[in-house]
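S.K.: what follows is a predicted structure for the sequence shown.
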Amino acid sequence: AQSVAQPEDQVNVAEGNPLTVKCTYSVSGNPYLFWYVQYPNRGLQFLLKYITGDNLVKGSYGFEAEFNKSQTSFHLKKPSALVSDSALYFCAVSLSNQAGTALIFGKGTTLSVSS
Amino acid sequence: GAVVSQHPSRVICKSGTSVKIECRSLDFQATTMFWYRQFPKQSLMLMATSNEGSKATYEQGVEKDKFLINHASLTLSTLTVTSAHPEDSSFYICSARDQVQGSYNEQFFGPGTRLTVL
């Protein structure tokens, strides 16, 4: 079965330090991978995506993610965390470019950045 | 980027009443919209796929007679929670795919609707 795993419920990091939010996936075929961020009582905001090409993807707000096919991972990273980065982060995968294909989400990781 | 709106943002209702939630794509056309449900501090669970001009496709375990979905136009999908009960209290989020801009299945999400059933 297709799935996305975010092994950490919460990640704590001090402001200014690098952060990593982990994501691994299990799909058949080539995945389309996404990261979204959610602030309290808000919908999801798109951060970045991997479709094909360069394994290192740069996205919004200074975030980046690296696609690693051999490890089936797509970890989210940022060189220097901000307090305002504190939010709930979701990794998601799509199996197809077809319009009727929904995203499969991981359970989410709460990022807490302390000042 | 494309914008998706939801209305209302928050609704409180009595048990047994029906509640309608609207999802609109404001600056693009969406033949397909998705409805998700999210419990506190949990992931989004796909409820159904809403297709313009045809019946919605529901995920296993989602009652189609309880969660009525209508996708009457290319910019509007509605989710009606019929005879709502306290266990239906949740955060409902819709998403839409821009057929022109949205390559590679990129989806744009609405801000969500917080439903509380008393």
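M.R.: Structure's in. What do you need?

S.K.: paired strands for the lowest-mean-pLDDT helix or strand in chain B, with orientation please.
M.R.: Ranked by mean pLDDT, DSSP states H and E, the weakest helix or strand in chain B is strand B:107-109, scoring a mean of 87. With DSSP bridges as the test, strand B:107-109 is paired with strand B:90-97 (antiparallel).

S.K.: now the partner strand: average pLDDT?
M.R.: Confidence over strand B:90-97 (mean pLDDT, whole number) is 92.

S.K.: coming back round to it: how about residues contacting the least confident helix or strand of chain B?
M.R.: By C-beta atoms under 8 Å, 6 or more residues apart in numbering or on different chains, the residues outside strand B:107-109 that reach it are A:36, A:43-46, A:103, B:1-4, B:25, B:34, B:93-98, B:102. Quick note: C-beta positions are derived from backbone N, CA and C, even for glycine.

S.K.: same thing but 7 Å
M.R.: A:43-44, A:103, B:1-2, B:4, B:34, B:93, B:95-98 (C-beta atoms under 7 Å, 6 or more residues apart in numbering or on different chains).

S.K.: ok, stretch B:48-61 next?
M.R.: A:100, A:102, B:31-35, B:46-47, B:62, B:64, B:67, B:69, B:71, B:73-74, B:77.

S.K.: could you tell me which of these count as buried?
M.R.: Buried residues within the contacts of stretch B:48-61, counting neighbours by 16 or more other C-beta atoms under 10 Å in any protein chain shown: A:102, B:31-35, B:46-47, B:62, B:67, B:69, B:71, B:74, B:77.
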